[in-house]
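*Asks:* With the sequence up front, the predicted model follows.
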Amino acid sequence: MKKHACVALALLTAALTLTGCDALSSLTGSDGYEEGRMGDTMETYFFDYTVNSAYLCNEYAGTTPSDGNVFLVAEVTVKNTDARSIEMYDTDFQAQWGSEGEEDYRFPITTDMDTGEELAPLTEDQLPGTYPLAVDEEVTGLLVYEVPTGFQDFSISYMEYFDDDSTGDVYFVYFTPEDQTTPVSA
């Protein structure tokens, strides 16, 4: 799945620039687009996922984001519904904001997107860059993204990828995270 991150990025960017569900459905098929809200369970081909809660903060585990950014911390539950064990990647879940810019997305901070290198989680609560899920296994953990300040509405998306390099449905969970940022002193 990680090897498909660039393809996912291109497809999700294209999907985000389209307006309306009809246009997006024509891109990914008649059943190609699903959306939900925080607390809704998204039922993908391989697994179910739920964004349980989310917040914005200026610091996470002693780490601060780059100037002009904050951390988006989302608690996510993932359950393997496939008939076999699967390997999950942090890059399976992309955060978006806005709707106009081709750069309005991020992957979790547990992967360096410039090098593709998997980075260690900052806490035990974070989902790692790569993790196995046995049949019917469920995990809950945090996905941490570095996002620009000034946005209040976000989504976390997933696009299905198959062994034959084809794509399936795309899933978006829309939410407004709790703002736990503190004003920065000048």
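*Replies:* Thanks, I have the structure now.
*Asks:* where exactly do the helices run in this structure?
*Replies:* Here the chain has its helices, by DSSP state H, at 5-17, 21-28.
*Asks:* where does the protein have low pLDDT?
*Replies:* 1-30, 99, 184-186 (pLDDT under 70).
*Asks:* need the strands for the protein, in chain order.
*Replies:* 33-37, 41-43, 47-57, 69-80, 86-89, 94-97, 105-106, 130-133, 138-148, 154-161, 167-175, 178-179 (DSSP state E).
*Asks:* for the third one, which positions count as buried?
*Replies:* Residues F47, Y49, T50, V51, A54, L56, C57 are the ones in strand 47-57 that count as buried (16 or more other CB atoms under 10 Å). For glycine as for every other residue, the C-beta is placed from the backbone atoms N, C-alpha and C.
*Asks:* ok, that strand: who's next to it in the sheet?
*Replies:* Partners of strand 47-57 in the sheet, by DSSP bridges, are strand 41-43 (antiparallel), strand 69-80 (antiparallel), strand 178-179 (parallel).
*Asks:* Same question for the first one.
*Replies:* For strand 33-37, sheet partners with direction are given as strand 167-175 (parallel), following DSSP bridges.
*Asks:* Isn't C57 up against F71?
*Replies:* Yes - using CB atoms under 8 Å, C57 makes contact with F71 at a distance of 5.2 Å.
*Asks:* gap between the nearest residue to M113 once chain neighbours are set aside and D92?
*Replies:* Among residues not flanking M113 along the chain, F107 sits closest, at 5.6 Å (CB to CB, 6 or more residues apart in numbering). Note on F107: its distance to D92, by CB to CB, to the nearest Å, is 9 Å.
*Asks:* Also L143?
*Replies:* When distance is defined by CB to CB, L143 is 10 Å away from D92.
*Asks:* Count residues in the vicinity of the residue nearest to M113, would you?
*Replies:* 23 (other CB atoms under 10 Å).
*Asks:* quick one, what contacts it?
*Replies:* F107 makes contact with A5, D90, T91, F93, Q94, A95, M113, Y145, according to CB atoms under 8 Å, 6 or more residues apart in numbering.
*Asks:* Among the strands of the chain, single out whichever gets nearest to L122.
*Replies:* Closest approach to L122 among these (CB to CB): strand 138-148, 7.2 Å.
*Asks:* how much does that closest one deviate in direction from strand 69-80?
*Replies:* 160 degrees (axes from the mean of the first three to the mean of the last three CA atoms, to 10 degrees).
*Asks:* Quick one: list the elements packing against strand 138-148.
*Replies:* Using 3 or more CB pairs under 8 Å, 6 or more residues apart in numbering; DSSP states H and E, the elements in contact with strand 138-148 are strand 69-80, strand 94-97, strand 105-106.
*Asks:* Can I get those in JSON lines including mean neighbour count?
*Replies:* Rendered in JSON lines, the data for the helices and strands packed on strand 138-148 read as follows (neighbours: other CB atoms under 10 Å):
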{"stretch": "strand 69-80", "mean neighbour count": "20"}
{"stretch": "strand 94-97", "mean neighbour count": "22"}
{"stretch": "strand 105-106", "mean neighbour count": "20"}
